[in-house]
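Engineer: Predicted model and sequence below, questions to follow.
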Amino acid sequence: MTDIRKHLFAALACVLAVVMTLALFTGCGPANNGENTAEPDVTEEPEPTEEPAKQVPVLAHWKLQNEDGCFTGSVDDDSVGFKDLTGNGNDLIAKVTGNGTQLDIFEWDTVDSGTVNFKSALKMNNTKALAATVDPYNASETSYTGGYTSGKYLETVMGAPLNAHEFKNGFTFEIIFKLSPELDNNYNRYTGIFSRQGVIEDRNEPPFSIAITEWKNDASGTIGNNETWMQLILMTDDISLNNEDDYILIGADTWHHLMLTYDPDMNQLRFLIDGAELFSRTIVIDELPPTGFDLSWEVGVGRKSANSGDAKGHSMNENSPAGMIRRLFAGSVAEIRVMDGAIGIEESLYASQFVNE
């Protein structure tokens, strides 16, 4: 009986071994009644995300400030220049017209204001009173037709990439500036703050200029505590825009941010002062055509054609095809930025450099 039991137990052990071996090879485990208890393989749809904002390239950026890395040379000897902070090579250099070498036109303007974040700016003393000390002055020759002008301004270096840029993607121009109360209504009116050098001969205007125009005089004939109008000139083969709106008024001795932007997708041109839109226009601007590598962008000068019949320009100012220097700017400029496309005010220098309480 004992032997029989031994044989039975041995047989049962063999059967169990075979069953367990089969279970391993067939992947069997705990009973699941044929149901799949594994977690379903569910691929979750990614959360929709906003497309990142398009970065608009900065073509040129100048801080006309008494800060290391912003300028070269000295305001005292007319060697001052301003670096293009983008590294694109659009540096600004000082230029002299008439008897300007005899005049102390440039100096640093110390900014002590709780309304802006910068501490200095370039002051340009192109005033009638100062120019009259070295140059004969005749009001009849310095009204609309141009005339005797001695002073200084800035321009981009010859061959700067900006000089030939066509702005086919739209544009944004920003200027932080203030006007001098010594602006004279004859000597300084219709002068560019930031302009494209050259003159469109048949229209007797530069291809592009952001300028001041004229104002009510105080007793001295200067702007004093009054306000001046702003002007935008934009000339292409298809466009002749000379926008001078009487409601765009800028006072002296106060810092302002000016922004001109064009969005080609919307065909919208916008002009803003201190964050507020002063006018907009639906217009198609395919490009701002360059006038050649030898012609520059300028800060603080206005031009007319030296070939116009009634122009009486200073002999040293006749610089065709760049045009006759007709007016020079009196005031201070802290910063200028040029971008290859349109931006909103929230991305502008106004948002970063002005303190808005």
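Structural biologist: Received, thanks. These numbers were taken from a predicted model, which means no experiment stands behind them.
Engineer: Go ahead and confirm S280 touches L272.
Structural biologist: No - contact criterion C-beta atoms under 8 Å: S280 and L272 do not qualify, at 9.1 Å. Where C-beta positions appear, they are placed from N, C-alpha and C, glycine not excepted.
Engineer: which of those two has more neighbours?
Structural biologist: L272 (19 against 13; other C-beta atoms under 10 Å).
Engineer: Which residue ranges of the stretch 51-200 of the chain form strands?
Structural biologist: With strands called from DSSP state E, counting those that start in this stretch, the stretch 51-200 of the chain shows them at 58-63, 71-72, 81-82, 92-97, 106-110, 120-125, 151-156, 171-179, 191-196.
Engineer: Nearest to V338 among those strands would be which one?
Structural biologist: strand 58-63 (4.4 Å; C-beta to C-beta).
Engineer: Which neighbouring elements make contact with the closest one?
Structural biologist: strand 330-339 (3 or more C-beta pairs under 8 Å, 6 or more residues apart in numbering; DSSP states H and E).
Engineer: residues making contact with the helix or strand following the strand it packs on?
Structural biologist: Once strand 330-339 ends, the next helix or strand along the chain (criterion: DSSP states H and E) is helix 349-353. Residues from elsewhere that reach helix 349-353 (C-beta atoms under 8 Å, 6 or more residues apart in numbering): 116-118, 174, 176, 257, 259, 272, 274-275, 334-335, 337, 345.
Engineer: 10 Å instead, please
Structural biologist: Outside helix 349-353, the residues within contact range by C-beta atoms under 10 Å, 6 or more residues apart in numbering are 61, 63, 115-118, 172, 174-176, 255-259, 272-276, 334-337, 343-346, 356.
Engineer: what residue ranges in this structure score low on pLDDT?
Structural biologist: Applying pLDDT under 70 to the chain picks out residues 1-53, 137-148, 216-221, 245-248, 306-321, 357.
Engineer: Where do the helices of it begin and end?
Structural biologist: Using DSSP state H, the helices of the chain run over 2-25, 128-131, 349-353.
Engineer: Show me which of the contacts of helix 349-353 are buried.
Structural biologist: Taking 16 or more other C-beta atoms under 10 Å as the criterion, what is buried in the contacts of helix 349-353 is 61, 63, 116, 118, 172, 174-176, 255-259, 272-274, 334-337, 343, 345.
Engineer: which residues are common contacts for S280 and L272?
Structural biologist: Jointly contacting S280 and L272 under the rule C-beta under 10 Å, 6+ apart are T261.
Engineer: Just the C-alphas of stretch 263-271, formatted as PDB.
Structural biologist: Provided in PDB are the C-alpha atoms of stretch 263-271 (Å, rounded to 0.1, in the frame of the first residue of the first chain):
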ATOM      1  CA  ASP A 263       1.100  96.500 -40.800                       C
ATOM      2  CA  PRO A 264       1.100  95.200 -44.400                       C
ATOM      3  CA  ASP A 265      -1.400  92.400 -43.500                       C
ATOM      4  CA  MET A 266      -3.900  95.000 -42.400                       C
ATOM      5  CA  ASN A 267      -2.800  97.800 -44.800                       C
ATOM      6  CA  GLN A 268      -2.900 100.000 -41.700                       C
ATOM      7  CA  LEU A 269      -0.600 103.000 -41.000                       C
ATOM      8  CA  ARG A 270      -0.800 104.300 -37.400                       C
ATOM      9  CA  PHE A 271       0.700 107.400 -35.800                       C
END
